[in-house]
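J.: here are the coordinates; sequence isn't available:
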Ligand SMILES: [Zn+2]
C-alpha cells in the first residue's frame, strides 16, 4: 500500500480542484479582450513613442493644452464653439470639425475633433501639430516684436471727402475734415504698435464723382488689401440737438465670401474645390463672430469717453455690407450737438478717441 501523506481522499480532491482553477485562469485570462480591462489614462504626448503604441490613436483633451500654455477656456453654448485664449493665443474649436482656428489662421486637422467624457479632444497627431504652431511664435509678434493681438493689418476709411462733405457743425466744421484727421491720428498710433495701416483716402477728395461708386471703391480697397479689420470713420447728425453719443455699426447681411489666401489659412491653399468651399464658409462664419466681438471691444473702450453710449447697431451700410473681412462703421459723435461738436473740434479730444480705438484693436485677441 502506497504511503500517502494525507489519509483522507477529500484533501487530494480539494488540492486538485484548486490547481485546475488556477491553471484555467492562467491560460484564459491573457486572452481576454484588452478593452474589458481597466485602461490606464492616456499618456502625455511626450510619452507616446510611435503610432504602433498600444492605443493606436488616443484622443487628448484640450485641457492638457490649456494647462500647458496657461489658456483660459470658455464655451459658447449657442454655437458649440470652445475658445481657448490667453498668452497671445486664441484657439477656436468645435466638436465634429476637422479644422481649428489658431490665432485667426485655419489649421486643417488629420482627424475630426471629438468629445471624450464630455471634453473636447484631438488626436495625438493633431495635438503635436497644434503644439508646433503654438511654440513657433510666427503668429504672435510682428517684426518689431511689439504687437501680440490678432489684428495686424487695418484699412481705415475716413468717410466722405471732396464734394461729399458729410454733416456740418454750426461752427462750419465738416465731418470729412474730422474723419480724415482721426484716420491720420489713428494710423500713427497703430503703426507704433506694429500694425499695418492702409487709408482709403489721404486727401480731401472723393473716390468717385458718383456717390455709390465712391462707396464701392472703399470696400474694394478693403477687399483688395485683405486686412484683419476695416473701419469706416464717421460723425453723426440729428435734428434733435440734445442727441449725442457714439454708435458702432456692423452689417448683419454681409454675405461677401472671404478670399482664401495663404495668409488667411496659415498654410498652403488646398487644391480641391470642396475643401476650399468648406474653408471659405468656415472663415466667413468666423469673421461674422469676430466682427461682433471687435464691435463689443470698441464699445467697451469708447465707454471711457465723456459722451453717451448709444450702443452696437445693425445696419447694412454699403461699406460694411460688401467687405470680405470683419468691418465696422463708427459714428464717433453728433456734430448737431453743441458739446459734442465742441469736443470733436478739439485736438486733444480727437486724440482720446483714437487712443480708445487703438486700445480696442490692440487688445482684441490677446
Ligand atoms: Zn458720415
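T.: Happy to help now that I have it. All values reported here derive from a predicted model rather than from experimental measurement. Numbering: from 1, shown residues only.
J.: Tell me which helix or strand comes right after the strand or helix carrying residue 155.
T.: Here residue 155, judged by DSSP states H and E, is contained in strand 153-158. As assigned by DSSP H and E, the chain's next helix or strand after strand 153-158 is helix 175-192.
J.: Tell me which helix or strand comes right after that following helix.
T.: Past helix 175-192, the next helix or strand by DSSP H and E is strand 196-199.
J.: contacts for that next one?
T.: For strand 196-199, contacts defined as CB atoms under 8 Å, 6 or more residues apart in numbering pick out 152-158, 183-184, 186-187, 190-191, 221, 225, 227. Placement of C-beta: from N, CA and C, glycine included.
J.: what about 10 Å?
T.: 142, 147, 151-158, 180, 183-184, 186-191, 221-222, 224-225, 227-228, 230 (CB atoms under 10 Å, 6 or more residues apart in numbering).
J.: ranges for the strands of the stretch 251-366 of the chain?
T.: Per DSSP state E, counting those that start in this stretch, the stretch 251-366 of the chain carries strands over the ranges 309-314, 327-334.
J.: Next, the angle from the first one to strand 327-334.
T.: Comparing the axes of strand 309-314 and strand 327-334 via axes from the mean of the first three to the mean of the last three CA atoms, to 10 degrees yields an angle of 150 degrees.
J.: For strand 309-314, buried residues please.
T.: Neighbour-count burial for strand 309-314 flags residue 310 (criterion: 16 or more other CB atoms under 10 Å).
J.: Report the mean confidence score over it.
T.: Strand 309-314 shows a mean pLDDT of 94 in the predicted model.
J.: In the sheet, which strands lie alongside that strand, parallel or antiparallel?
T.: Strand 309-314 has the following strand partners under DSSP bridges: strand 246-250 (parallel).
J.: Disregarding flanking residues, what is the spatial nearest neighbour of the residue of the stretch 201-350 of the chain found nearest the ion?
T.: The minimum distance from the stretch 201-350 of the chain to the ion, using CB to the ion, falls at residue 234 (3.5 Å). Among residues not flanking residue 234 along the chain, residue 159 sits closest, at 4.2 Å (CB to CB, 6 or more residues apart in numbering).
J.: how about residue 205, what does it touch?
T.: Per CB under 10 Å, 6+ apart, neighbours of residue 205: 161-164, 176, 214.
J.: I'd assumed residue 85 was in contact with residue 101.
T.: No. Applying CB atoms under 10 Å, one finds residue 101 not in contact with residue 85, separated by 11.2 Å.
J.: any shared contact partners between those two?
T.: 91-92, 150.
J.: Kindly present the residues you listed as CSV, with separate columns for pLDDT, neighbour count and distance to the ion.
T.: Formatted as CSV, the shared contacts of residue 101 and residue 85 follow (pLDDT from 0 to 100; neighbours: other CB atoms under 10 Å; distance: CB to the ion, whole Å):
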residue, pLDDT, neighbour count, distance to the ion
91, 87, 22, 38
92, 86, 24, 34
150, 80, 25, 28
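J.: okay, residue 101 and residue 85: which has more neighbours?
T.: Neighbour count, other CB atoms under 10 Å: between residue 101 and residue 85, residue 101 has more, with 24 against 18.
J.: Sheet partners, orientation included, of the helix or strand the more buried one falls within?
T.: Using DSSP H and E, residue 101 sits in strand 99-102. If you go by DSSP bridges, strand 99-102 pairs up with strand 89-94 (antiparallel), strand 105-108 (antiparallel).
J.: now the lengthiest helix in the chain and strand 309-314, what's the angle there?
T.: Longest helix in the chain, counting residues (DSSP state H): helix 273-302. For helix 273-302 against strand 309-314, the angle by the same axes, to 10 degrees is 170 degrees.
J.: what comes up buried for helix 273-302?
T.: Within helix 273-302, the residues that count as buried by 16+ other CB under 10 Å are 278-280, 282-284, 286-291, 294-295, 297-299, 301-302.
J.: next one: stretch 154-169
T.: 154-161, 164, 166-169.
J.: and what of stretch 216-224?
T.: So for stretch 216-224, counting by 16+ other CB under 10 Å, buried means 216-219, 221-223.
J.: Which segments of this protein make up each domain?
T.: 57-139, 153-363 (automatic domain parsing).
J.: Need the winner for burial among those.
T.: Among these, domain 153-363 has the highest mean neighbour count (mean count of other CB atoms under 10 Å), at a mean of 18.
J.: Report the separation between the two terminal residues of it.
T.: Start and end residues of domain 153-363 are separated by 14 Å (CA to CA, to the nearest Å).
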